[in-house]
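Asker: what's the 3D shape of this:
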Amino acid sequence: MEPNSSEAGSDRIVLIFPIFNEEAVLPLLMEEVEAFRQLRSENISVLFIDDGSTDGSERLIRSLAESLSGYHIIRFSRNFGHQLAVTAGLRHVDGSVDAAIVLDADLQDPLAVAGDMINRWKEGADVVYGIRRTRSGMSATGSFFYRLYYRLFSRMAEIEAPLDAGDFRLLSAPVIRAYQQFEEQQPYVRGLVAWLGFTQVGIEYERPARAAGRSKYSLRKLFQLGFDGVTSFSGRPLRYAAKLGLVLAAFSGLGLCWALVEKLILQTNIPGWASLVFIGFFFGGLQLFFLGVVGAYVARVYEEVKGRPRYIIREMWSSQGSRVRNTMHGESISDASSMPSKTGL
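Answerer: The predicted model follows:
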């Protein structure tokens, strides 16, 4: 990969964009990226992770970047999920890169803020993450639940997790090398990066609305992502379930003792036995809920021990004038710790 506008030997930085059916926004994104590359003095390349798009996203990137240098695509065989797309991008950055920045392709992660991240990295930070001060285009209810989740995760997780910070962040080369050692089947990127340590600082910014298209994260996917984050970094739900079980058992014992006193000693009838049916349903539902929590942890263990590839790469592509080492020669390559293939980024 050759320098785009700066002298040889300048800092090498990769912009990583996971994409899934982003055809509507890609022309705007490419225009913004090219303006950013010309503005900065660093040698900046771009890596798109096509997470199994079914529209023309991958073809559009090729047509827009064909005559440009420094553009690369890793194309999955199907949709494996945003977190694995980010992980694939970080795993395919080689040792010659000085830093990588993970951004959403919808332009909600402003490139101007990415420039500020680069400046903070040059001042000595290993990780620079974006803190969402406001969220344009989102309802007050949605913003409330986002903020609530981040505070719940920070309280429950057994790591130092920044509030209101998504995956928009810069990672220095040592952090990238450390992240590449993870082999988790269901990675929660922002949690894993926080777990790594190093010097991490935040930058507040106003998050704009999507430039085009619509979000690919449904309510179900957002809930699943949040639940994965909690179960990945905290065993507290299991401990809370055990503690609540002990409390309920203690109250049940006291209730049984009182019922025996009423019946055998005071010789009084105990009214309201019909309501016990509803109480039984309540506690039965509570038991099933916590059984589901335990099952979620068991499922995570099951996913880890199966040892399947985390994702399958269908093909890799680089624009004219860009260099790619150890390309795949057309075959599908799975993610594995022994895989030597890199994009040459």
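Asker: Quick one: residues contacting residue 160.
Answerer: Applying CB atoms under 8 Å, 6 or more residues apart in numbering, we find residue 160 in contact with residue 194. Bear in mind the C-beta positions are built from the backbone N, C-alpha and C, glycine included.
Asker: And what about it, helix, strand or coil?
Answerer: Here residue 160 is recorded as coil under DSSP: H, G, I helix; E, B strand; the rest coil.
Asker: For it, give me the pLDDT.
Answerer: With respect to pLDDT, residue 160 scores 73.
Asker: Also residue 195?
Answerer: Looking at residue 195, its pLDDT is 86.
Asker: Number of residues surrounding it?
Answerer: 18 (other CB atoms under 10 Å).
Asker: pLDDT weak spots in the stretch 201-345 of the chain?
Answerer: Flagging of the stretch 201-345 of the chain using pLDDT under 70 yields the residue ranges 209-246, 248-256, 258-260, 262-264, 266-286, 288, 302, 320-345.
Asker: low-scoring pLDDT stretches of the stretch 1-150 of the chain, where are they?
Answerer: 1-9, 135-150.
Asker: For it, just list every one of the strands.
Answerer: Using DSSP state E, counting those that start in this stretch, the strands found in the stretch 1-150 of the chain span residues 12-19, 43-50, 71-76, 99-102, 127-135.
Asker: how about those strands, which one is nearest residue 310?
Answerer: strand 71-76 (10.5 Å; CB to CB).
Asker: ok, and for stretch 16-36, which residues are buried?
Answerer: By neighbour count with 16 or more other CB atoms under 10 Å, stretch 16-36 contains the buried residues 16-26, 29-30, 32-34, 36.
Asker: From those, which land in helices?
Answerer: 26, 29-30, 32-34, 36 (DSSP state H).
Asker: can you put those residues in TSV and add distance to residue 48?
Answerer: Listed next are these as TSV, based on distance: CB to CB, whole Å:
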residue	distance to residue 48
26	9
29	10
30	10
32	14
33	10
34	14
36	15
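Asker: Mind picking the one among those that's closest to residue 86?
Answerer: The closest of those to residue 86 turns out to be residue 29 (CB to CB; 16.6 Å).
Asker: I figured that closest one was touching residue 17, is that so?
Answerer: Yes: assessed by CB atoms under 8 Å, residue 29 is found in contact with residue 17 at 7.4 Å.
Asker: okay, and the common contacts of those two?
Answerer: Both residue 29 and residue 17 are contacted by residue 105, under the criterion CB under 8 Å, 6+ apart.
Asker: quick one: buried residues of stretch 195-210?
Answerer: For stretch 195-210, the neighbour count (16+ other CB under 10 Å) marks 195-196, 200-203, 205, 207, 210 as buried.
Asker: make that stretch 43-56, sorry
Answerer: For stretch 43-56, the neighbour count (16+ other CB under 10 Å) marks 43-53 as buried.
Asker: For the residues you listed, work out which two are farthest apart.
Answerer: Using CB to CB, the buried residues of stretch 43-56 span at most 30.0 Å, a distance reached by 43 and 52.
Asker: coming back round to it: could the strands of the stretch 1-150 of the chain go into a markdown table alongside distance to residue 181?
Answerer: Converted to a markdown table, those look like this (distance: least, CB to CB, whole Å):
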| stretch | distance to residue 181 |
| --- | --- |
| strand 12-19 | 18 |
| strand 43-50 | 19 |
| strand 71-76 | 20 |
| strand 99-102 | 16 |
| strand 127-135 | 16 |
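Asker: So which of the ones you listed is nearest residue 305?
Answerer: Across these, residue 305 has its closest neighbour in strand 71-76 (23.2 Å, CB to CB).
Asker: Give me the helices and strands touching that closest one, please.
Answerer: Counting contacts by 3 or more CB pairs under 8 Å, 6 or more residues apart in numbering; DSSP states H and E, strand 71-76 is packed against strand 43-50, helix 57-65, helix 82-91, strand 312-318.
Asker: Sheet-wise, list the partners of it with their directions.
Answerer: Here strand 71-76 has these sheet partners by DSSP bridges: strand 43-50 (parallel), strand 312-318 (antiparallel).
Asker: Starting from residue 179, give me the distance back to the closest residue to residue 82 other than its chain neighbours.
Answerer: Nearest non-adjacent residue to residue 82, counting by CB to CB, 6 or more residues apart in numbering: residue 18, 5.4 Å away. Residue 18 sits 15 Å away from residue 179, going by CB to CB, to the nearest Å.
Asker: same check, this time on residue 198
Answerer: Distance, residue 198 to residue 179, by CB to CB: 10 Å.
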